[in-house]
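[1] Here you go, sequence then predicted model.
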Amino acid sequence: MPERTDTLAQKLILFLKGVAMGAANKVPGVSGGLVAFVAGFYEELIYSLQKINRKAFMLLWKGRFKSFSQYVNGRFLLLVFAGSTFSYFSVSRVLDFFLKHYELYVWATFFGMILGSIYYVAKDFNDFRKINIFFISLGVLIGVSISLLDPARENDNLWFVFFCGIVGVSGMTLPGLSGSFILILMGNYVLLLVDAVNELYKTLQDVASLNFDFIQDQVRMRYMKIIASFGLGSVFGLVVTSHILGYLLKRFHQPITALIIGFIGGSLGIVWPWKKAIYKRENGELLYDSLQQPIVENYARYWPQISDPTTWVALVFVLFGLSILLLIDWYGHKNKSLK
């Protein structure tokens, strides 16, 4: 795939898409891969990651950096992952604030967006043979089953953290499958996406101010080892899953698309707005993360009360989330008609 010569505006838009993907990856129940799918760069992301192979490493080894960049679609990957990384230290923190203070309305918006995503992905899918209906049903079943599982206990073993990176990155490569929610089920969401990220943020601040005292801090260095293992696992997982998905998309495009539609439908159970958090406890005492927030273990879902005014406000936010995807669809059709 030749490297594109995008305009500055196109580069900025791609960066912002990466920001949106990064923010979605951090929210349990929402998939960064879904953002990529709806935003129209999912297949390019998979095929670009698939180019990270033996030939790419040989180009790096020989010092042919420009050829390496062109071969792996480097500008595209750099902008997307720069946006995702930036999001972890900016937009995702804003999301944390809204989830803390307006949780029902945030989940309602995401619920509407996923409803819209199902329409967006399924509207051009006209192949409803038995095999594809089976894959849609399988995707829904997997998505719903995941939402009903009980989470494990936290485990900071570095090999397990590496494995968490492989599994957790699934949200970036499989639309509808939330990597963050899987990390909750594995018991390591707070450790990897809250505590370790906060310690990394502090470390980057120290390095920027040329303060290296943190090297003597055993707790800080433990978190650096954890974030390094998680990062390596994520990179390994991205490359491996992209090769698998690239192969499957080329040879079984319709069944894989059907499975993705099912995943997205099944994820509605995870982002169901009307739920109460079940907090993690030990010996009857609440456990807190590094931000002194109680750690969520899972959610108890319930049906909304029609007599409750917040229910109607939440429904407005569901429609708002749905309208965002409908506007994206309308904008895409408008652009096509102008070409």
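    Nice, thanks for sending it over. Residues are numbered from 1 along each chain as shown.
[2] tell me the contacts of Thr241?
    If a contact means C-beta atoms under 8 Å, 6 or more residues apart in numbering, then Thr241 has 169-170, 173-174 as its contacts. Yep, even glycine has a C-beta here, placed from its N, CA and C like the rest.
[3] Would you mind listing the buried residues in the lengthiest helix in the chain?
    Longest helix in the chain, counting residues (DSSP state H): helix 218-251. Using 16 or more other C-beta atoms under 10 Å as the test for burial, helix 218-251 gives 220, 223-224, 226-231, 233-234, 237-239, 241-243, 245-246, 249.
[4] do stretch 269-286 as well
    269-275, 280.
[5] So Phe230 sits against Phe162, correct?
    Yes: using C-beta atoms under 8 Å, Phe230 is in contact with Phe162, at 7.2 Å.
[6] what about the helices in the stretch 151-300 of the chain?
    158-168, 170-173, 179-185, 189-190, 196-208, 218-251, 253-266 (DSSP state H, counting those that start in this stretch).
[7] first to last residue in stretch 117-136, what's the distance?
    One end of stretch 117-136 to the other measures 15 Å (C-alpha to C-alpha, to the nearest Å).
[8] who's in contact with Ser234?
    Residues near Ser234 by C-beta under 8 Å, 6+ apart: 165-166, 168-169.
[9] just Ala20 next, same as before
    Listed by C-beta under 8 Å, 6+ apart, the contact set of Ala20 reads 35, 39, 83, 87, 91.
[10] what's the farthest-apart pair in those?
    Ala39 and Val91 (15.0 Å; C-beta to C-beta).
[11] got a pLDDT number for Ile46?
    pLDDT for Ile46: 84.
[12] Rebuild the contacts of Ser234 as JSON lines, extending it with neighbour count, pLDDT and distance to Phe320.
    What follows is the contacts of Ser234, written out as JSON lines (neighbours: other C-beta atoms under 10 Å; pLDDT from 0 to 100; distance: C-beta to C-beta, whole Å):
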{"residue": "Gly165", "neighbour count": "25", "pLDDT": "89", "distance to Phe320": "34"}
{"residue": "Ile166", "neighbour count": "18", "pLDDT": "87", "distance to Phe320": "35"}
{"residue": "Gly168", "neighbour count": "26", "pLDDT": "80", "distance to Phe320": "29"}
{"residue": "Val169", "neighbour count": "26", "pLDDT": "81", "distance to Phe320": "29"}
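[13] any low-confidence regions in the stretch 1-150 of the chain?
    Applying pLDDT under 70 to the stretch 1-150 of the chain flags the ranges 1-6, 28-30, 89, 92-93, 150.
[14] in it, which spans are helices?
    Going by DSSP H, counting those that start in this stretch, the stretch 1-150 of the chain shows helices at 8-26, 32-39, 42-50, 54-61, 65-71, 74-88, 91-101, 103-122, 130-148.
[15] quick one, which of those is packed in tightest?
    Mean neighbour count, computed with mean count of other C-beta atoms under 10 Å, is highest for helix 32-39 among the helices of the stretch 1-150 of the chain, reaching a mean of 25.
[16] which strands and helices sit next to that one?
    Applying 3 or more C-beta pairs under 8 Å, 6 or more residues apart in numbering; DSSP states H and E, one finds that helix 32-39 contacts helix 8-26, helix 42-50, helix 103-122, helix 170-173, helix 309-338.
[17] Now those helices in JSON lines, please, with extra columns for distance to Tyr71.
    Output for the helices and strands packed on helix 32-39, formatted as JSON lines (distance: least, C-beta to C-beta, whole Å):
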{"stretch": "helix 8-26", "distance to Tyr71": "19"}
{"stretch": "helix 42-50", "distance to Tyr71": "10"}
{"stretch": "helix 103-122", "distance to Tyr71": "30"}
{"stretch": "helix 170-173", "distance to Tyr71": "20"}
{"stretch": "helix 309-338", "distance to Tyr71": "29"}
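[18] and of those, who's closest to Val72?
    helix 42-50 (6.1 Å).
[19] rewinding a little: got a markdown table for the helices of the stretch 1-150 of the chain, with distance to Gln254 too?
    Below are these laid out as a markdown table (distance: least, C-beta to C-beta, whole Å):
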| stretch | distance to Gln254 |
| --- | --- |
| helix 8-26 | 25 |
| helix 32-39 | 15 |
| helix 42-50 | 14 |
| helix 54-61 | 29 |
| helix 65-71 | 29 |
| helix 74-88 | 26 |
| helix 91-101 | 34 |
| helix 103-122 | 12 |
| helix 130-148 | 6 |
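[20] closest one to Val313 among those helices?
    Per C-beta to C-beta, nearest to Val313 of the helices of the stretch 1-150 of the chain: helix 103-122, 6.7 Å.
[21] who are the neighbours of that closest one, in terms of helices and strands?
    Contacts defined by 3+ C-beta pairs under 8 Å, 6+ apart place helix 103-122 against helix 32-39, helix 91-101, helix 253-266, helix 309-338.
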